[in-house]
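Asker: output the structure for:
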Amino acid sequence: MAIEGLRIRRAEPEDAEAFYDIYSGPSAQGNTMQLPHPSLAMWRRKLADPSDTLYVLVAVVGERVVGSLSISTYTRPRRRHVGGIGMGVHDEWQSQGVGTALMAAAVDLADNWLNITRLELEVFTDNERAIRLYERFGFEREGTMRQHAFRDGRYVDTHFMARLRAIENTTARDE
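Answerer: Next comes the predicted model:
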């Protein structure tokens, strides 16, 4: 399902209130590693001075930010080819194509601009909708981390998933 007027852009410091709103929702809190009662000041700090290894995208409908996705890259030489993904979609905008649009933009950024060959993420084992989304983009389950996170008063499991991009050999040949 395509949302008319949906566009993806890089996050700006002015988006802090939208991030606060997204991650205040019960679904975003329950299905991400965010804590309840997020601080607006924290989001302002994060968006005001992002690191060189963090790429934050937002999904926008009209003027409203309705979802976000970040790719964190690594500076260690042996992990520079890897990016970690985190995503949240506003409760009111879930199951409408926002996550799909964000994932498509992230995969394009990783493959065609950042030269990332491995994208990885963690997802709660009971978040079937997100797991299906990730699988549509080529992510595979690599393992289950038992009692990996504390959520809603108990320990819960997460799947570790990754997407590997095939690397083409593009060496120059003498003709």
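Asker: distance from the lengthiest helix in the chain to the middle of the chain?
Answerer: Of all segments of type helix in the chain, defined using DSSP state H, the longest is helix 98-112. Here helix 98-112 shows a centroid-to-chain-centroid distance of 9 Å under the convention Cα atoms, centre = their mean, to the nearest Å.
Asker: beyond that helix, next helix or strand please.
Answerer: The helix or strand immediately downstream of helix 98-112 is strand 118-124, counting by DSSP states H and E.
Asker: so which elements touch that following strand?
Answerer: Applying 3 or more Cβ pairs under 8 Å, 6 or more residues apart in numbering; DSSP states H and E, one finds that strand 118-124 contacts strand 82-89, helix 98-112, helix 128-136, strand 140-151, strand 154-164. Any C-beta I mention is one placed from the backbone N, CA and C, and that applies to glycine too.
Asker: okay, these, which one's buried deepest?
Answerer: strand 82-89 (a mean of 22; mean count of other Cβ atoms under 10 Å).
Asker: distance to Y74 and mean pLDDT for the helices and strands packed on strand 118-124 - can I get that in JSON lines?
Answerer: Output for these, formatted as JSON lines (distance: least, Cβ to Cβ, whole Å; pLDDT from 0 to 100):
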{"stretch": "strand 82-89", "distance to Y74": "6", "mean pLDDT": "96"}
{"stretch": "helix 98-112", "distance to Y74": "13", "mean pLDDT": "96"}
{"stretch": "helix 128-136", "distance to Y74": "20", "mean pLDDT": "96"}
{"stretch": "strand 140-151", "distance to Y74": "17", "mean pLDDT": "96"}
{"stretch": "strand 154-164", "distance to Y74": "14", "mean pLDDT": "97"}
